[in-house]
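**Student:** sharing a model that was predicted from the sequence below.
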Amino acid sequence: MKSVPFTLIKILATGSILFFATNAGTAQQTCSDDDIMNIKGAWKKTSDPSLSPDGNFPKSQFVQANNRLDKMQKLLQAACPDPRGMEAQWSREISGRALVNGGPAPYELYALFLTYFCNGNKIELGDETETWFYVFANQFNWWAEYQNYYRIDNQPVYLLSRKLGEFKGYGVYGGIHSKGLPGQRIGSSAVILTRPGQSPYLPVSRKQFLQAFLNYNESRNSKSLADMQNNMHFKTDEEEAAEKKKNLEIIERVTSADKLARAKDNFLRNYITDKQRKEGDFEKIKKRYEEELRPARDLLSKASEQDLAQASILDFDNFLTFKEFTTEEKGGRQLVRLNPDYFDAKLPKYVPQFLIVYWRWDAGKPGINFKNQLENNFNFDALKAMIDQ
């Protein structure tokens, strides 16, 4: 066999070293948050969803609503012109019923931000996201949850999102999407913009809530108890005697002679008829209903008028089964009713009479960057200036 020249061995060895070094370097390449944040995304208008507008909103006026939504989007894009690590898509929607008869039409701007992520060492664009932005015109939407259990002054009632404090001169509320998921944190905030010194809702006092709570539950309980009584059927005396005889016969078969008399005596002494059992169950339910309403009745009868005039702050459990009022600091939410006097029927239906800005984000760097850009740069005053225009 021929020998291989030393020079060739050196060349082959060097090439092998370079090959393995190159591949080792490739294998060590990683995808990082910095790589994702170096991607500069773009803004894209997507198709508007199918319309389901208020029946009293003329189709000829849709263009006016869309024109206003376009202006809102420009404010959003001006605040977040550089969607790093994500792609921004926005659209318009005209849907829902007016809050009051003949009132302004509800419509909205929404934008979603699809985020890039690391799939191993490869950067890919996600097809779902928790990072969104909305402007709701003439509607409460997620900012206030409609509750159909009660009505106050014949008006619908809502539980507001929890107020967090002040933001750029406006009250800021925690949205319903603020939650923790395994390995992920999702936040949301909201601001309502109205005419100066006016509001599309009014606080519900403690007295108003307690009266509505008792009226609703007393009526419901009375109906439930009446239905129970109407559907309560008992065994006849003959059926009851046959049932008792059957049980005594069983006792005779399974009990020794020396214990039989005592067993029969115990059975007859503790025997409860079908009627007694059902009437006993009825009384237990009736008593439970009374106990459930006692805290509300006691507070309504014993609290001072000053205390009862305070705004109702509730958590959802106490909204349905009342025990006590709470505070916003403890996670409570204010109960309000619609204020129909706020709405100006003389204005065209496409005019925004109040606006809610709602934004949500996840805890990834692109989501936090969006949140910071929006909160630092969005011109809430310019948006507010669109009210009644």
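**Tutor:** Ah, there it is.
**Student:** output the below-cut-off pLDDT ranges for the stretch 101-250 of the chain.
**Tutor:** Applying pLDDT under 70 to the stretch 101-250 of the chain flags residues 178-184.
**Student:** mind listing the helices for it?
**Tutor:** 206-230, 237-254 (DSSP state H, counting those that start in this stretch).
**Student:** buried sites along the shortest one?
**Tutor:** I take that to be helix 237-254. Of the residues in helix 237-254, none is buried by neighbour count under the rule 16 or more other CB atoms under 10 Å. The C-beta positions use only the backbone N, C-alpha and C, and glycine is treated the same way.
**Student:** just checking, what packs against that helix?
**Tutor:** Judged by 3 or more CB pairs under 8 Å, 6 or more residues apart in numbering; DSSP states H and E, the packing partners of helix 237-254 are helix 257-270, helix 274-302.
**Student:** one step back: export the helices of the stretch 101-250 of the chain to a markdown table and tack on distance to residue 132?
**Tutor:** What follows is these, written out as a markdown table (distance: least, CB to CB, whole Å):
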| stretch | distance to residue 132 |
| --- | --- |
| helix 206-230 | 32 |
| helix 237-254 | 64 |
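**Student:** now the longest strand that the chain contains - C-alpha only, PDB.
**Tutor:** As assigned by DSSP state E, the longest strand anywhere in the chain is strand 107-119. Taking C-alpha atoms only, strand 107-119 is exported to PDB below (Å, rounded to 0.1, in the frame of the first residue of the first chain):
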ATOM      1  CA  TYR A 107     -69.000  49.700  16.600                       C
ATOM      2  CA  GLU A 108     -65.300  48.900  17.300                       C
ATOM      3  CA  LEU A 109     -61.700  49.000  16.200                       C
ATOM      4  CA  TYR A 110     -59.600  46.000  17.000                       C
ATOM      5  CA  ALA A 111     -56.000  45.100  16.300                       C
ATOM      6  CA  LEU A 112     -54.100  41.900  17.100                       C
ATOM      7  CA  PHE A 113     -50.400  41.400  17.300                       C
ATOM      8  CA  LEU A 114     -49.100  38.000  16.200                       C
ATOM      9  CA  THR A 115     -45.800  37.300  17.900                       C
ATOM     10  CA  TYR A 116     -42.700  35.600  16.700                       C
ATOM     11  CA  PHE A 117     -41.300  32.800  18.800                       C
ATOM     12  CA  CYS A 118     -38.500  30.400  19.000                       C
ATOM     13  CA  ASN A 119     -39.200  26.900  17.700                       C
END
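**Student:** in that strand, which residues are buried?
**Tutor:** In terms of neighbour count (16+ other CB under 10 Å), strand 107-119 has its buried residues at 107-117.
**Student:** helices and strands around that strand, which ones?
**Tutor:** Strand 107-119 makes packing contacts with helix 33-37, helix 62-79, strand 86-94, strand 122-125, strand 132-137, helix 365-377 when contacts are defined by 3+ CB pairs under 8 Å, 6+ apart.
**Student:** pick the most buried one from these.
**Tutor:** Greatest average neighbour count among the helices and strands packed on strand 107-119 goes to strand 132-137 (a mean of 23), per mean count of other CB atoms under 10 Å.
**Student:** how about residues contacting that strand?
**Tutor:** In this structure, residues lying in contact with strand 132-137 by CB atoms under 8 Å, 6 or more residues apart in numbering are 65, 68-69, 72, 76, 104, 106-113, 141, 143, 352, 354-360, 374, 383.
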